[in-house]
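>>> After the sequence you'll find the predicted model.
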2 protein chains.
Amino acid sequence: MTDQGCLNLRWALALFDGLVEGGMRHLVLSPGSRSTPLVLAAQRQPALTVTPILDERSAAFFALGVARASGRPVGLVCTSGSALAHWFPAVIEASESGIPLVLLSADRPPELRGWGANQTIDQTRFFGVHVRAFHDPGTPEDSPGAVKLMRALGRRAAVESQGDWPGPVHLNLPFREPLVPGPDCRIEAAPIQTESAVSDTMGTRRPARPAGWGLPQTPPRSDWMSARISHGSGRGVICCGPGDWTADGAEALWHLAMRLEVPVLCDPLSGLRFGCASEHRLTRYDSLLRHPATAAALKPDWVLRFGRAPVSKTLLGWLADVPTILVDAGRGWSDPNHDVRLKIDADPAAFCVWLADADPEPGTPDPDWFARWLQAERRLERFAAEYLDQAPWCEGHLIRDLIAQVPEGEGLLCANSMPIRQLDTWSGSRVRPLRVFGHRGASGIDGQTSTLAGLNAGGLPTTGLLGDLSFLHDLSGLPALRTLSRPCIVINNGGGRIFDYLPQHGLPGFETLWRTPVAVDLRALAGTFGLAHRSVSDRDGFRQALTESMQTDRPSGLIEVVIDADLSRQIHRDFWRAVSVRRDDA
Amino acid sequence: MTDQGCLNLRWALALFDGLVEGGMRHLVLSPGSRSTPLVLAAQRQPALTVTPILDERSAAFFALGVARASGRPVGLVCTSGSALAHWFPAVIEASESGIPLVLLSADRPPELRGWGANQTIDQTRFFGVHVRAFHDPGTPEDSPGAVKLMRALGRRAAVESQGDWPGPVHLNLPFREPLVPGPDCRIEAAPIQTESAVSDTMGTRRPARPAGWGLPQTPPRSDWMSARISHGSGRGVICCGPGDWTADGAEALWHLAMRLEVPVLCDPLSGLRFGCASEHRLTRYDSLLRHPATAAALKPDWVLRFGRAPVSKTLLGWLADVPTILVDAGRGWSDPNHDVRLKIDADPAAFCVWLADADPEPGTPDPDWFARWLQAERRLERFAAEYLDQAPWCEGHLIRDLIAQVPEGEGLLCANSMPIRQLDTWSGSRVRPLRVFGHRGASGIDGQTSTLAGLNAGGLPTTGLLGDLSFLHDLSGLPALRTLSRPCIVINNGGGRIFDYLPQHGLPGFETLWRTPVAVDLRALAGTFGLAHRSVSDRDGFRQALTESMQTDRPSGLIEVVIDADLSRQIHRDFWRAVSVRRDDA
């Protein structure tokens, strides 16, 4: 009879064979005993890179970064008990953002569950509605069919994580002791089909579906859509929220915008602000629409939306009550204003190709519509540049320099709260590609340093732009920053400064209960974790630190940017006020 | 019409009035915007101490500590989105250990849920089976009935968290904007019944129920129980796992043990090892039962078990197949060996009183049964002392000194993996009370520094005994250690040394994938968070550091104990080997 440890190992090996066939190349594991068969199997799977990370929370956010950078499903392994609960924040972000993770939690066998055994909790359907699928194949059994099942389950989980609605998939895997195989355990190596048909369609960054995929054979030109887009006033806008456009997809989008003669309002996380584009790409709307007359004059009759809701609250508020067509291949229904009249389940790129080819007759469009947008954008762009040129140094200058300096094709991870909003305001665009990432699924301030490390480990050199609270929320990620060749920029402005812009500002107890500064010396903290530390507080200092930290052969470490938050708030307020009272707009 | 912000505040005030009436005195909150009405209300509730902690995971483990030290339900507040997912590990521990927490998650209103709004996820029944109750009262409404409802809901949640089966209760609380009340908002102060009937029964540490509570009117002397305990061989043992005995309860237990003439095997987390007791209290079983002849000679005919499964694997294995009576007032069914023949739903103390009074006729007990136990225990105790006296310094000496030095009535938090097992082996007992805490619900290595801070904040000066991995898993708790007047002792032995004692030891990749040492200089880390740091590596150093850190007027900080793990493993192995081959036992 085969010993139990050997059975466990064969079982786990078959699972990883299937996962690799389904496209997995990276596994992140946290230490534990019950998960031993999974670890032993992962060690023996040559196609897998294995990263051990102590804190499961950090491990999961790291995996999320690897998955985003590589476009492949990433595996997570942890032991039984509360360990998998630490994955939950990253699982939520992955679910909301559509990022493929395969969660492999070890468990005690059924005879111990619910009987007060050590490190045993109810792990069944643990992540509830926040995973795409849950599987519990039971304990390892000694039969060829059982091994075949595990291999098939691996393939299936990897594919499920990358479906129309990508996201996390949870496999709960009970193992009986002994967990380590005996000396007589023999393992037959099964040929791994990394180049199989399955992985061919899976191994690339979120694959663009064939044009027309998911679209009805007869185009969805409902009367309403037809009337609006083809025969309407022509005063429409395309709004692209956080999403993930391929180069080909973007090409199709620009072509469609040109065809419809409408502007494309590009969220900083749309994947469209940076890289080659047409003049239809607009990025200054958050500032522009603070000018009441412009906002009124440019109000559209319809909006075609892609991706999640935009970061800009100004834009979202301005779009309220505008009839909306939403295009989304997944099950997202991003419509916080409740204005969607038509939801089209289609790959955005395929939809753009189809709509442009469908030859919508422009009817009697307003011939000046796009020209007015373009003129307003250009004026605002000049105004913003002039404003920054005379203003004291603030995040606006930093972001302008950062966008200019990040090397072509690299990544930028931007944290929530202030950084993403300031990036929205000041980034502008550039021709050289740049991939911007942010946790915009659940918009938490969590997991940033771990995700930054994961993005870099996933093969994309990525710079981080974080606030001090985001940085300190994820201390467990600091050891993983040690080897990065791109810096983590921390804007240290003494706590959660987003609250300075909200009605809570100035309430009694504001400092302690909302802004919550954490008094930690970032230089000392960096030193503790073996990270280089550069502190800057002006333009030259920042430019130099950025250049140095990118060129050095040594790991990049932190750039601490000391910002006077009150001054910064004043600069931003003054800018928006100046925009709102300008006379030459619209 | 009342403005929405004012409505939100009144609603939240009523909720906190109810929670305070139900016994809550402490609230831990993490910053956020959507949770603003809750924060505003908490500020206005004079009976509540409010602690802000940035990282929700740390906040929840801190709350767990406060709840354990104070015996009261503790509230947690966070904003919407992934924030509440960070609570999950502590929620699991609270659920498994029966600790009252009230989870107050702010949420977006229903019209935004599922519509792609910012920071919005499905928070409904988020904690699944891991909470005792879930409530979603909907959004604040403007009616006296609605305010009454919220006050009642507060009372109810507090009571539910402290029921027969104490644990976490989740309230999901949606708020519409504006979140801050307008200037005309008037608040009528409702008298708070902190001394009401409700709080009278709730405000004390886990109240001992009236004797007989939960017991059937006719005592549960089934034939089997009667045959075993009253008319059987008399060779029984009482085994007390992790639990929470009051002084009165312990008194009843010792009385019962004397009446039955059986030993009481006391887990380090039973609450029974320290404080006044009879000679029936035994603590050396983990070592004792490694001697095969003794283990065989002392094998009982029945065991009466209280609390969760004991920490000692040796004990648990030895108890396998021994018919068991389990007494538990809650819904726990702690029986990993599947030997429970009779489960009695009763308060342990009340059961002891009842059984001792029930005058079970001892039948024909083995007159030497308890005497043999006592003799074996005393011999082992002497042997252990002699062994330590000649052995190189190790955790055994440290624990002996620690137990001797911790002031009367104070607390000791012992982390999982090695520390709790070594405490089990070496603690012995003492007459002066000492409350020992450990996360033995899910037995994770998580949340230790935060719980340590919470125990101290809950009013009980508590010393921590942690391993390096546990310490580093909860870095977010370090800022909260800053004010402690008791030290956090960190045994730094270079990673997860428990694996050295398991079959995984010596596997290829063992160091990286199981033991996972984290190369962080603890002195630098302590300095970064403003904690004093003392490094010791011998007996005198440890004793002195412990004395100093307890006497100083300044916060105590860390005591880093540098241990040679290989030497320590050798010492422990040699000890158990010496025990197992002794000739004079049994």
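That came in fine, so what should we check first?
>>> Next, the distance between the ends of stretch A:319-327.
16 Å (CA to CA, to the nearest Å).
>>> what's the answer for stretch A:39-49, then?
Between the opening and closing residues of stretch A:39-49 there is a gap of 12 Å (CA to CA).
>>> all helices of the stretch 51-200 of chain A, in order?
A:56-70, A:88-97, A:144-160, A:197-200 (DSSP state H, counting those that start in this stretch).
>>> buried set for stretch A:112-122?
Residues of stretch A:112-122 classed as buried by neighbour count (16 or more other CB atoms under 10 Å in any protein chain shown): A:112-113, A:115-121. From N, CA and C alone the C-beta is placed, and that goes for glycine too.
>>> what's the closest of those to chain B?
Each of the buried residues of stretch A:112-122 was checked against chain B using CB to the nearest CB; the closest is residue A:116, at 2.9 Å.
>>> Give me the pLDDT for that closest one.
Residue A:116 carries a pLDDT value of 88.
>>> hang on, isn't it packed against residue B:305?
No: if you go by CB atoms under 8 Å, residue A:116 and residue B:305 don't touch, sitting 9.8 Å apart.
>>> what do these two both touch?
Shared between the contact lists of residue A:116 and residue B:305 (criterion: CB atoms under 8 Å, 6 or more residues apart in numbering or on different chains) are residues residue B:334.
>>> Please report how far the residue in the stretch 201-350 of chain A that chain B sits nearest to lies from residue A:101.
Each residue of the stretch 201-350 of chain A has a distance to chain B, by CB to the nearest CB, and the smallest belongs to residue A:334, at 2.9 Å. For residue A:334, the distance to residue A:101 under the criterion CB to CB, to the nearest Å works out to 21 Å.
>>> Neighbour count: the two, which is higher?
For the pair residue A:334 and residue A:101, the greater number of neighbours falls to residue A:101 (29 against 22), based on other CB atoms under 10 Å in any protein chain shown.
>>> so who does the more buried one touch?
With contacts taken as CB under 8 Å, 6+ apart, residue A:101 has the following neighbours: A:60, A:63-64, A:67, A:73-76, A:90-91, A:94, A:161, A:167-169.
>>> Excluding sequence neighbours, find me the nearest residue to it.
In this structure, residue A:101 finds its nearest non-sequential neighbour in residue A:168, 4.2 Å apart by CB to CB, 6 or more residues apart in numbering or on different chains.
>>> now the one you found: how far from residue A:23?
Taking CB to CB as the measure, residue A:168 falls 15 Å from residue A:23.
>>> likewise residue A:142?
To residue A:23, residue A:142 is 29 Å away according to CB to CB.
>>> So for these two, which residue has more residues nearby?
A direct count of neighbours by other CB under 10 Å for residue A:142 and residue A:23 places residue A:23 higher, at 26 against 14.
>>> isn't residue A:413 right up against residue A:460?
No: between residue A:413 and residue A:460 there is no contact, the gap being 9.9 Å when judged by CB under 8 Å.
>>> More neighbours: which of these two?
Between residue A:413 and residue A:460, residue A:413 has the larger neighbour count (other CB under 10 Å), namely 30 against 20.
>>> Tell me if the more buried one really is in a helix.
No: Residue A:413: not assigned to a helix; according to DSSP: H, G, I helix; E, B strand; the rest coil it is strand.
>>> and it, what does it touch?
Applying CB under 8 Å, 6+ apart, one finds that residue A:413 lies in contact with A:65, A:436-438, A:448, A:451-452, A:455, A:462-466.
>>> Report the contact partners of residue A:406.
A:412, A:434, A:463.
>>> can you tell me how far it sits from residue A:414?
In this view, residue A:406 and residue A:414 are 11 Å apart by CB to CB.
>>> now swap in residue A:288 and tell me
Remark: distance between residue A:288 and residue A:414 (CB to CB) = 21 Å.
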